[in-house]
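In: Sequence below, structure please.
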Amino acid sequence: MIHVSDIRRRFGDLEVLKGVSLDVARGEVVSIVGASGAGKTTLLQILGTLSRPDGGRLTIDGTDPFALGDRALSQFRNERIGFVFQFHHLLPEFSAFENVCIPGLIGRRSRAEVGRRADELLKLMGLSARRDHKPGQLSGGEQQRVAIARAIVNSPAVLLADEPSGNLDSRNRDEIHRLFFQLRDLLGQTTVIVTHDEGLAAMADRTITMSDGRIL
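Out: Residues are numbered from 1 along each chain as shown. Coordinates of the predicted model:
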């Protein structure tokens, strides 16, 4: 699903990624670990097409996203990549249901289709009863589950998560961890997770350790 070959990224005189290569299989859950400054988040930003590499090649589900024009790249990102961050970034004025629908509506899918998918995902997340609640009325764990539903409403090829449980208490953290593997088992979701959480990293199908801009 993901093929990375000799990716390099430099910020001024600082070389952050020094020839990173890796493959992620379809339906695999991979964790990326390493000390702060190892290059994990920079790599995730490139996988998410939010940052362009200075060298090397990336393909996602057979497509080189950086060969696309700006508009096509934006569409590819919306349709094929889902993002989950440490902080949920839900829009406070919208309900849980409306927040989940947003990527689908941006992608110009029909409201009826997007609404059905959002309700299915909220049910999967155990949040049907919280459908019409706004983020301020939800717990931290509920907010993050809404954010995950939003990330996969377009059935992306790849789900990318950056410290997805770093802002949660232990009970909610464990629920979020189990959810990623439930999505893999039920939906075949390919997932890459950057984390400092040793428990989450150990649960993954494979753990990749980075140090000083390289994969060990």
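
In: From what I see, Arg117 and Arg150 are in contact.
Out: No: with contacts counted by CB atoms under 8 Å, Arg117 stays clear of Arg150, the gap being 10.9 Å. Heads up, the C-betas are built off the backbone N, CA and C, glycines and all.

In: Who has more neighbours out of these two?
Out: Arg150 (26 against 19; other CB atoms under 10 Å).

In: Contacts only, for the residue nearest to that one when sequence neighbours are not counted.
Out: For Arg150, ignoring the flanking residues on the chain, the nearest one in space by CB to CB, 6 or more residues apart in numbering is Val100 at 4.8 Å. Counting by CB atoms under 8 Å, 6 or more residues apart in numbering, Val100 makes contact with 118, 121-122, 146, 149-150, 153.

In: Please list the members of the residues you listed that lie in helices.
Out: 118, 121-122, 146, 149-150 (DSSP state H).

In: Tell me which residue is most central in this protein.
Out: Leu160 (2.2 Å; CA atoms, centre = their mean).

In: Go ahead and list the helix or strand containing that one.
Out: The secondary structure element spanning Leu160 is strand 158-162 (assigned by DSSP states H and E).

In: And the next helix or strand past that strand?
Out: helix 170-187.

In: in the protein, which spans are helices?
Out: 40-47, 70-80, 96-106, 111-124, 140-152, 170-187, 198-203.

In: got the contact list for the closest residue to Leu90 other than its chain neighbours?
Out: Of all residues not flanking Leu90 in the chain, Pro135 sits nearest, at 4.3 Å (CB to CB, 6+ apart). Contacts for Pro135 (CB under 8 Å, 6+ apart) come out as 88, 90-92, 96, 99, 143, 146.

In: can we see that at 7 Å?
Out: Neighbour list for Pro135: 90, 92, 143 [criterion: CB atoms under 7 Å, 6 or more residues apart in numbering].

In: Might you list the low-confidence residue ranges for the protein?
Out: 166-170 (pLDDT under 70).

In: what's the spacing between the residue nearest to the centre of the chain and Leu44?
Out: 6 Å (CB to CB, to the nearest Å).

In: which helices and strands does the strand holding Leu160 pack with?
Out: helix 40-47, strand 81-84, strand 190-194 (3 or more CB pairs under 7 Å, 6 or more residues apart in numbering; DSSP states H and E).
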